[in-house]
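J.: For reference, the sequence and a predicted model appear below.
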Amino acid sequence: MRQHRARFAWGTLVWLTVVWVLLWGDLSLGNVIAGLLIALAVMTGLRMAPIDFHGRVHPVGVLRLLTRFTVDLVRASFEVSLLALRPGRQPHGAVIGVQLRSHSDLYLTMTAELCSLVPGSLVVEAHRLTGMLYLHVLDVEQSGGIEAARQAVLDQEERVLRAFASSAELADAGLANGRRRSRTGPVAPTGVDR
């Protein structure tokens, strides 16, 4: 276990250094050394609880996740720009609750981040104990309705699980052998005409 923890620490050190170099946009020896020093300071000064990961990386699942995320990102960017450019049309937004299938903090966080990065939706609350995500959807009609917006979040979670979860975690989420189990939550419309 100690060897695994040390390997993870080296991976974190390298990852933080790479992020530093990418943020500066200049691959130089000084920038790499500065990135290493900043990464060491962050890792020793900001001790964080270890992430409990029992899954494994599924390359095909990761490829599907990244491909679909890219498609969703481009499509949603186009739809939001059209919405902004159409004068007179008032979007009808809603805050929806989606009960996720997994009980893992890691998968909840990954799903929430991926959903927030796609324009037109924003996670306003993630309830860790219940696994409930509350999202603001910019335009319910453009999203295909409330149930379609909920299903999009559940589909995103399924892609995350199929990319990183173990067989036991997939079975616990009701996704073993390609099966799907859907759960939905409450909705609170915002600005919707009645």
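T.: Thanks, I have it.

J.: going forward, measure contacts between C-alpha atoms and count neighbours the same way
T.: Will do.

J.: Does Val60 touch Ala163 like I think?
T.: Yes. In this structure Val60 lies within contact range of Ala163 using CA atoms under 8 Å: 7.2 Å.

J.: out of those two, which sits in the more crowded spot?
T.: Neighbour count, other CA atoms under 10 Å: between Val60 and Ala163, Ala163 has more, with 21 against 11.

J.: how much space between the closest residue to that one other than its chain neighbours and Ala173?
T.: Ranked by CA to CA, 6 or more residues apart in numbering and with sequence neighbours excluded, the top spatial neighbour of Ala163 is Gly61, at 3.9 Å. With distances taken as CA to CA, to the nearest Å, Gly61 is found 16 Å from Ala173.

J.: Can you check the pLDDT for Trp20?
T.: Listed pLDDT for Trp20 reads 88.

J.: Am I right that it is in a helix?
T.: Yes. According to DSSP: H, G, I helix; E, B strand; the rest coil, Trp20 belongs to a helix.

J.: For the protein, just list every one of the helices.
T.: Here the chain has its helices, by DSSP state H, at 2-24, 29-45, 59-85, 105-117, 146-164, 167-172.

J.: quick one: contacts for the nearest residue to Ser116 once chain neighbours are set aside?
T.: In space, and not counting its chain neighbours, Ser116 is closest to Leu122: 4.5 Å by CA to CA, 6+ apart. By CA atoms under 8 Å, 6 or more residues apart in numbering, Leu122 lies in contact with 115-116, 135-137.

J.: Show me what Leu122 is bridged to.
T.: Beta-bridge pairing for Leu122 (DSSP bridges): His136.

J.: give the contact list for Gly165.
T.: Check again: residue 165 is Ala, not Gly. So Ala165 contacts 54-57 (CA under 8 Å, 6+ apart).

J.: can you list the weak-confidence ranges in this structure?
T.: Low-confidence segments of the chain, defined by pLDDT under 70: 1-8, 48-51, 177-194.
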